[in-house]
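*Asks:* quick one: sequence and predicted model below, then my questions.
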Amino acid sequence: MSRQVLIHPTYFPSILHMVALVNCDTVFEMHDNFQKQTYRNRMYIYGAGGKQLLSIPVKHLKTGAHQKYKDVRIEEESTWAKLHWKTLQTAYRSSPFFEFYEDDLAGIFHQKHDFLMDLNLATINLICEILQIELKQTFTTEYQKETTELEDFRHLVNAKEEPHFKLSPYTQVFEEKHGHIPNLSILDLLFNEGPNATSYLKDQELPR
């Protein structure tokens, strides 16, 4: 019987996120509150200077009240998408597979998404389409602080928390300068490993 995990939709998910998505039946958390400094609106890539943050600006409620993640809107006035795409081009132009996937990925940075959740789900579906992965996904209908029916992997959304399990190393573009950096965005694995990224994700072991 396949494992079922409860997990957050995130922006071009971290490799740990993708390992869980690929190897389990996924239940996406749709009813939690938005929190800052998480992978909900950020990803990390490998730039010439090392680990590099790309963050999506979002609209916050002026009252400081809690806001549902699914209701969070992307800041319209920002040119974040253009900046993110240009940064990815600069960082990965010399990687083995960037040009192979460039056209597939460029479109999502030119599409308008009002809600952060919609964008994140679109990035996940795009990656699965590129890697020919059939994602088994359902969505929560209410928020539960604790769950006994599913394996709770919602903690993986915390960008400040160290990974709870190790990932196998793979070759990275700037590895000779800064060493191997684990658990970056799935884009780092894709641009460096290409079609092999699928088997890499399937070969990683999730903790019990």
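*Replies:* Nice, I can see it. Note that the structure is predicted; figures quoted are calculated from it, not measured. Numbering: from 1, shown residues only.
*Asks:* so for residue 15, what's the pLDDT?
*Replies:* What the model reports as pLDDT for residue 15 is 95.
*Asks:* what's the burial count for it?
*Replies:* 24 (other Cβ atoms under 10 Å). All C-beta spots, glycine's among them, are computed from the backbone N, C-alpha and C.
*Asks:* just residue 27 next, same as before
*Replies:* Neighbour tally, residue 27, other Cβ under 10 Å: 20.
*Asks:* now do the contacts for it.
*Replies:* 4-7, 137-140, 150 (Cβ atoms under 8 Å, 6 or more residues apart in numbering).
*Asks:* could you look up the SS state of it?
*Replies:* Under DSSP: H, G, I helix; E, B strand; the rest coil, residue 27 falls in the strand class.
*Asks:* in the sheet, who's paired with it?
*Replies:* Under DSSP bridges, the beta-bridge partners of residue 27 are residue 6, residue 138.
*Asks:* on that earlier part again, quick one: which of the contacts of residue 27 is most hemmed in?
*Replies:* Counting neighbours by other Cβ under 10 Å, the top entry in the contacts of residue 27 is residue 7, with 24 neighbours.
*Asks:* not counting its neighbours along the chain, what's nearest residue 133?
*Replies:* Nearest residue to residue 133, sequence neighbours excluded (Cβ to Cβ, 6 or more residues apart in numbering): residue 22, at 5.8 Å.
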